[in-house]
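Enquirer: no sequence for this one, just the structure:
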């Protein structure tokens, strides 16, 4: 195999093992910062990918992630948080990781070469037309990730490839390619470091922009969160209060009426009579809160019911 950028030796690596601990750590920290910066170069392709994913999810499709090793862990971290943070249903998300459940115990390297397992995982997840699969591989050549993407495409799904090396099979065969051209690792080939950091940032950006497109974000608030513990129920109440101008006690009472649905509670605060009516209004607005508030005659930039009329909201 030809040496790839992620396998090359870093400029600060010579004599690393005999340097002072503080010097080693400084090199590691600087490399992480440098890796993070390259994600900015991928913004146009991340934007295109988010629009594709949002379209598939809005039409009832699924989102799948396929990866091996450290890239699989990055995928797992992003995918598992989507239901709680943005209210995307768990049955609409599939996580395909080389080695299956056993990977969570050993993260063995062998399964990343198993292309048959990859094809089977895609089939078992029911990936097909109307769905989208993100394949992630630092090298861009991981057989599991490449095969999963190929099988998803064969079945009619949209495909997105994320890799840290250009001119590789994963990016060449992806419907939408996201290149994160990170520098060589301080520990050559240890892509859990800089490459993994860039992947994590890119996935965070990709899924967050997808949620924005789906109407799950209003201002800087996650208005479609799943409030299933004390902390998140308190967060939900504070979001309703912040957007509507009501007290947190009023917000909590409104959330009780909506079964914890934040957007619905905000619309009740805006004057909608019932939760059912608020949900129908949201449906007509494509689940977006801002146009739903506009449909009620409010200026969402100024609305605050504490004043009984549109009024500039006070930032706290």
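Expert: That came in fine, so what should we check first? Predicted, not measured: the structure shown is a model, and the values here were computed from it. Numbers count the residues shown, from 1 in each chain.
Enquirer: Find the residue at the geometric middle of this protein.
Expert: The centroid of the chain falls nearest to residue 207 when counting by C-alpha atoms, centre = their mean (2.6 Å).
Enquirer: Against residue 196, how distant is residue 182?
Expert: For residue 182, the distance to residue 196 equals 9 Å [C-beta to C-beta, to the nearest Å]. Heads up, the C-betas are built off the backbone N, CA and C, glycines and all.
Enquirer: Looking at those two, which has the bigger crowd around it?
Expert: Remark: of residue 182 and residue 196, residue 182 carries more neighbours, 27 against 23, as counted by other C-beta atoms under 10 Å.
Enquirer: What residues does the more buried one make contact with?
Expert: For residue 182, the contact set (C-beta atoms under 8 Å, 6 or more residues apart in numbering) comprises 5, 6, 34, 35, 38, 164, 194, 195, 197, 198.
Enquirer: I'd guessed residue 59 sits against residue 130; true?
Expert: Yes. Counting by C-beta atoms under 8 Å, residue 59 does reach residue 130; the two are 6.1 Å apart.
Enquirer: between those two, who's got more neighbours?
Expert: residue 130 (15 against 9).
Enquirer: Is residue 272 in a helix, a strand, or coil?
Expert: coil (DSSP: H, G, I helix; E, B strand; the rest coil).
Enquirer: Make sure it is actually in contact with residue 296.
Expert: Yes. Using C-beta under 8 Å, residue 272 is in contact with residue 296, at 7.1 Å.
Enquirer: which residues are in contact with both of these two?
Expert: Contacts common to residue 272 and residue 296, judged by C-beta under 8 Å, 6+ apart, are residue 281.
Enquirer: Which one of the two is surrounded by more residues?
Expert: The neighbour comparison of residue 272 against residue 296 (other C-beta under 10 Å) goes to residue 272, with 19 against 14.
Enquirer: Show me which parts of the host helix or strand of residue 153 are buried, residue by residue.
Expert: Here residue 153, judged by DSSP states H and E, is contained in helix 143-154. For helix 143-154, a neighbour-count test (16 or more other C-beta atoms under 10 Å) marks 143, 144, 145, 146, 147, 148, 149, 150, 151, 152, 153 as buried.
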